[in-house]
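K.L.:
model the following, please.
(4 chains)
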Number of protein chains: 2
Amino acid sequence: MSKITITDVARRANVSIKTVSRVVNGEPNVRDGTRERVQQAILDLDYRPNPSARSLATQRSYLVALIYDDPDAYEAPSCGYVVNLQQGLLSACNARGFDLLIHPANYRDSKALENIAKMIAHARPEGVVLAAPLSNMPDVVATIEDSGTRLIRLSPGACATGQFVETDDAEAAQAMTSYLASLGHRRIAFVRGHAKHSAVQLRLSGYKAGLRASGLNLDPALIVDGDNSIASGEDAAAQLLALEQPPTAVFAANDDMAAGILRTASRFGVNVPDQLSVAGFDDISLAQQIYPALTTVRQPLRAIAYRAGEMIIDDVQGTHEDNVIPAEIVVRESTAPLARKH
Amino acid sequence: MSKITITDVARRANVSIKTVSRVVNGEPNVRDGTRERVQQAILDLDYRPNPSARSLATQRSYLVALIYDDPDAYEAPSCGYVVNLQQGLLSACNARGFDLLIHPANYRDSKALENIAKMIAHARPEGVVLAAPLSNMPDVVATIEDSGTRLIRLSPGACATGQFVETDDAEAAQAMTSYLASLGHRRIAFVRGHAKHSAVQLRLSGYKAGLRASGLNLDPALIVDGDNSIASGEDAAAQLLALEQPPTAVFAANDDMAAGILRTASRFGVNVPDQLSVAGFDDISLAQQIYPALTTVRQPLRAIAYRAGEMIIDDVQGTHEDNVIPAEIVVRESTAPLARKH
DNA sequence: GTGAAAGCGCTAACAC
DNA sequence: GTGTTAGCGCTTTCAC
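P.N.:
So this is what the prediction gives:
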């Protein structure tokens, strides 16, 4: 409990408290010599500005809040999502002397909106980062906006108004397709996801763009439907492997379906990746637990959250492009260069 | 940004700000009528005390910090641990008007201690909750104690000095053993974990106590060594199933070994749980992902963290017993009543 | 029971 | 360049 105040520093450096304040806040209009004297006094005394006093005087909280869907904690998958966002946002905050408030909101709870409003009214964060899928929910968005707090939404999907940060699913799918093509594959299949998922359409068009960019023709027989489940991946693979000219690579619109493809391949005695390359999307934890470990697309969650933090704290808007963070391709064991024909 | 201050409320209720302060803080010496008038004014105006002003005046921060080992975020297992602790602590904090500060510390980083000290000096939390395994590290503990902040350690293991909250591994192992006995099993084997792990000894003695409590004799042939790995679980199971009188239930000192036992059983054509019941310890995410899903012991992380929060905020010590939270037995598919002999 | 006044540690506005 | 003086919104004496 350092009881050292700005007055102590001022006395020791033989200046007024205002000058100390200037030095602490890096304001101009301080002679170099004075500045150094003050800095020395700060070091000597191990002075730390009192954040409450500062907040009170500036009418600012130096706080950012992260609101996310309350992960029903014993389920692992969503935990990774949350923890990554926390870390990314935390680095942005700490680098700027801000603190982070976390607020898990259970949207199935009727009091969720009330709790959010209460938290904002109580802690008065300078901005709120709203994670998906909450970022898609109009009432949640409205609640935060009504509070007058700055709001950055993460991957808001279709209704992308206001400020947001996201990854471009189409671009990522294109990159993965191009990656598969770069391995020499010419017959690259695509397994679509559930039609309702808005990202699905983007991933499909990214696949098409990837083919085009790689100078490959689109063969409609190589595009099959799935519904995001493992089972549908199994079915899709069975269908594809039964083709007269089966694909040498399959890109599934999510990891679960890719896992299903792996299963079918194993059942058909098709070796992955030697005879068939398989790629997924999302990088769920399953992706590295199955064998062969799945090559997939990963959202750069930390970078996304970091960017959101910057936007709030540095009060920047950024061009649309600044706020679309490219996804990463994670190459694991399920993809390999096309085997040469004999 | 509610700009309503205590003065506004005082004016509307025709009292002095001190009286409003009394009402807000539930202090005595306010006539009932006055109190009601003030409360009505607070509601009418939607008044929220300014936390910074309060902190400044009271010299308190109304903050609790949670320090945990920085989960290398893309690995799921540790995420669940962290998120559960956060949630438990958060509920304790929110219920008391406190906020939670999270501080992931990477102990492999040479600046970790410095960062912890910096966080404490900057934010001045009223207490720190230190999660395992950091709670075992003398330098981390010393850094926090030097700051003068109140410290509660979680599962500190051997060196349990000062205040801490933990689960009793021995008691939990005893409960699981008794549970297996209650299913009718008389030959219950135990697979020990890595000798270096301090909890291992406790789990073994809990097993022994469980047998005793259930009126079963200890058969040394039913206690085999493992090293906490899946492979060692496979070996142990092979050894146990080869016995003249094999066990009808196996309790492994951790989930990984239990998973290994499941594998061997499948290889031997032994059906789990019909012919063999298998139980683990820890409830790692793998436990519910494998088939059959594993019956296991789970640390009540939320309850532990909640208790730690209480200790800090309510400034209670609690008896040793209050601070030992019993683990939960999670019954899934890998255990069943002993099949009757024909 | 209630209120007036002082002060928590800082920044902002304005002198000098 | 530097210092003086008021607050920021609350709690805390201590008087009434």
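K.L.:
close to chain B: what parts of the stretch 1-150 of chain A are there?
P.N.:
A:1-2, A:46, A:48, A:50-53, A:55-56, A:61, A:70-71, A:73-77, A:79-80, A:82-84, A:86-87, A:90, A:97, A:99-102, A:104, A:121-124, A:148 (C-beta under 8 Å from any C-beta of the partner chain). Placement of C-beta: from N, CA and C, glycine included.
K.L.:
mind listing what's buried in the helix or strand of chain A with the lowest mean pLDDT?
P.N.:
Counting by mean pLDDT, DSSP states H and E, chain A has its least confident helix or strand at helix A:286-289, which shows a mean of 84. Neighbour-count burial for helix A:286-289 flags A:286-288 (criterion: 16 or more other C-beta atoms under 10 Å in any protein chain shown).
K.L.:
which of the residues of the stretch 1-150 of chain A next to chain B are buried?
P.N.:
Here the buried ones among the residues of the stretch 1-150 of chain A next to chain B, as counted with 16+ other C-beta under 10 Å, turn out to be A:48, A:50-52, A:55-56, A:61, A:70-71, A:73-74, A:76, A:79-80, A:82-84, A:86-87, A:90, A:99-102, A:104, A:122-124.
K.L.:
coming back round to it: what's downstream of the least confident helix or strand of chain A, the next helix or strand?
P.N.:
Sequence-wise, the next helix or strand downstream of helix A:286-289 (DSSP states H and E) is strand A:296-298.
K.L.:
what are the pairing partners of that following strand, and which direction each?
P.N.:
The strands beside strand A:296-298 in its sheet (DSSP bridges) come out as strand A:328-330 (antiparallel).
K.L.:
in the stretch 101-250 of chain A, where is pLDDT below threshold?
P.N.:
A:159-160 (pLDDT under 70).
K.L.:
can you map out the strands along it?
P.N.:
A:127-130, A:150-154, A:163-165, A:188-191, A:223-224, A:249-252 (DSSP state E, counting those that start in this stretch).
K.L.:
among the ones you listed, which is nearest residue B:312?
P.N.:
Taking C-beta to C-beta, strand A:127-130 is the member of these nearest to residue B:312, at 26.5 Å.
K.L.:
strand A:150-154 and the longest helix anywhere in chain A, what's the angle between them?
P.N.:
The longest helix of chain A (DSSP state H) is helix A:76-94. Angle of helix A:76-94 versus strand A:150-154, following axes from the mean of the first three to the mean of the last three C-alpha atoms, to 10 degrees, is 140 degrees.
K.L.:
any idea how far helix A:76-94 is from the chain center?
P.N.:
9 Å (C-alpha atoms, centre = their mean, to the nearest Å).
K.L.:
same check, this time on stretch A:333-342
P.N.:
32 Å.
K.L.:
give me the buried positions along that stretch.
P.N.:
A:334-336, A:338.
K.L.:
wait, which of those is closest to residue B:282?
P.N.:
residue A:334 (29.2 Å).
K.L.:
isn't that closest one up against residue A:275?
P.N.:
No: taking contacts as C-beta atoms under 8 Å, residue A:334 lies outside contact range of residue A:275: 11.8 Å.
K.L.:
and the gap between the residue nearest to the spatial centre of chain A and chain B?
P.N.:
Nearest to the mean C-alpha position of chain A, by C-alpha atoms, centre = their mean, lies residue A:301 at 2.4 Å. In this structure, residue A:301 and chain B are 8 Å apart, going by C-beta to the nearest C-beta, to the nearest Å.
K.L.:
excluding residues flanking it in the chain, which one is nearest that residue?
P.N.:
Ranked by C-beta to C-beta, 6 or more residues apart in numbering or on different chains and with sequence neighbours excluded, the top spatial neighbour of residue A:301 is residue A:84, at 3.7 Å.
K.L.:
wait, that neighbour touches residue A:302, no?
P.N.:
Yes: proximity of residue A:84 to residue A:302 meets the contact threshold set by C-beta under 8 Å, at 5.3 Å.
K.L.:
residues near residue A:280, how many?
P.N.:
31 (other C-beta atoms under 10 Å in any protein chain shown).
K.L.:
got a pLDDT number for the residue lying closest to it once chain neighbours are set aside?
P.N.:
Distance criterion C-beta to C-beta, 6+ apart; nearest residue to residue A:280, sequence neighbours excluded, is residue A:258 at 3.2 Å. Residue A:258 carries a pLDDT value of 97.
K.L.:
next, the contact list for residue A:258, please.
P.N.:
The contact partners of residue A:258, taken as C-beta atoms under 8 Å, 6 or more residues apart in numbering or on different chains, are A:191, A:233, A:250, A:252, A:278-281, A:287, A:294, A:296, A:334.
K.L.:
which single one of the buried residues of helix A:286-289 is nearest to residue A:173?
P.N.:
Nearest to residue A:173, judged by C-beta to C-beta, of the buried residues of helix A:286-289 is residue A:287 at 16.1 Å.
K.L.:
show me where chain A has helices.
P.N.:
Along chain A, counting by DSSP H, helices occupy A:6-13, A:17-24, A:32-45, A:51-58, A:76-94, A:112-123, A:138-146, A:169-182, A:198-213, A:230-241, A:255-267, A:286-289, A:301-313.
K.L.:
compare those helices and give me the one nearest residue B:113.
P.N.:
helix A:76-94 (15.6 Å).
K.L.:
restrict the residues of the stretch 1-150 of chain A next to chain B to contacts with DNA strand D.
P.N.:
A:53, A:56 (C-beta under 7 Å from any atom of the strand).
K.L.:
tell me how far stretch A:215-226 is from the chain's mean position?
P.N.:
The answer for stretch A:215-226 is 29 Å, by C-alpha atoms, centre = their mean.
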